[in-house]
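Enquirer: Provided below are the primary sequence and the corresponding predicted coordinates.
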Amino acid sequence: MKDYMIRATAFEGSVRAFAIRSTNTVQENCSRLDTWPTASAALGRTVTISAMMGWMLKNEDKLTVKLEGDGPLGAIIADSNAKGEVRGYVMNPHVDFESNEHGKLDVKRAVGVNGSLSIVKDLGLKNNFTGQVPIVSGEVSEDFTYYFVNSEQIPSAVGAGVLVDTDYSILAAGGFIIQVMPGASDEVITKLEKRVGEIPAISTMIQEGKSPEDILSIFFDGEDWKINEQSDVRFQCHCSKERVENSIRGLGDEEIDEMIEEDGGAEATCHFCNERYHLTVEELAALKSS
């Protein structure tokens, strides 16, 4: 099954919703970084939600998410855009613990409960939009819910789940974002709150073969709702040898000479995809300004 997400509206347009299947995307991201189960769950949740948030943008707009708590994972960073492309990075990928009291991966312990969630949106303007809130749970989904309510003033329910197999592969990953628009009645809000509390685990539903459409059908059971748009989702890294060369060029001739004389070349590894780029002495010399 391919990864994709849908955008929908319900309750006569007073509610907008997103749902996503991200299993393959999370699998590729995690396998590239060699993440252990708890790290995979934390990274996968962040990447899944970031993909939906990126799709809220337009054209060439993009956003960067940084979730940085005081747990052993360190910072989790994700980039996404309006094309369904997303990539993620976790500072310490080899983090894993025994299951928590609910029998689930202990993401809260890995992320930590003190720190911040920041969102930077590049909308093609002179200045980027930046929003930041403190971490409120470390479970990721609740932290994004808090962000929407307090930074963007949009009452929202955010959920994301990742199931990891014994061989560390990703069995299932997916999520949803439900947002209440201005003018929604108290009755609508009460219904949604009740259903958010009753909905089965997202990762379990994805593992059972349920689609993004199925997930929203559970939310809006018996209600009038419609799908407005669909988009593929995929892991996509934008690193390249040319970008590495531009970065080295910016260091200046003196630094480049040191690489040539002391190291006999240069090597750089992308944090997001682990792609390695090697530059020979001749290639480094060609980057000098004189």
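Expert: On my side now, so go ahead.
Enquirer: quick one: the spatially most central residue of the chain from Thr280, how far?
Expert: The centroid of the chain falls nearest to Val47 when counting by C-alpha atoms, centre = their mean (1.9 Å). Val47 sits 35 Å away from Thr280, taking C-beta to C-beta, to the nearest Å as the criterion. For the C-beta atoms, the positions are set from N, CA and C on the backbone; glycine is no exception.
Enquirer: at which residues are the helices of the chain located?
Expert: 23-33, 37-55, 107-111, 141-151, 186-198, 202-207, 212-219, 241-249, 253-258, 281-285 (DSSP state H).
Enquirer: helices and strands around the fifth one, which ones?
Expert: So that's helix 186-198. Helix 186-198 sits against strand 156-164, strand 170-180, helix 212-219, with contacts defined as 3 or more C-beta pairs under 8 Å, 6 or more residues apart in numbering; DSSP states H and E.
Enquirer: and what of the first one?
Expert: Judged by 3+ C-beta pairs under 8 Å, 6+ apart, the packing partners of helix 23-33 are helix 37-55, strand 85-90, strand 170-180, strand 234-235.
Enquirer: and those: which comes nearest Ser247?
Expert: Distance to Ser247, taken as C-beta to C-beta, is lowest for strand 85-90 among the helices and strands packed on helix 23-33, at 16.8 Å.
Enquirer: contact partners of the closest one?
Expert: Here strand 85-90 makes contact (C-beta atoms under 8 Å, 6 or more residues apart in numbering) with 25, 29, 33, 35, 39, 42-43, 46-47, 50-51, 54, 73-80, 233-238, 271-273.
Enquirer: state the mean pLDDT of it.
Expert: Mean pLDDT, computed over strand 85-90, is 97.
Enquirer: now stretch 115-122
Expert: Across stretch 115-122, the per-residue pLDDT values average to 95.
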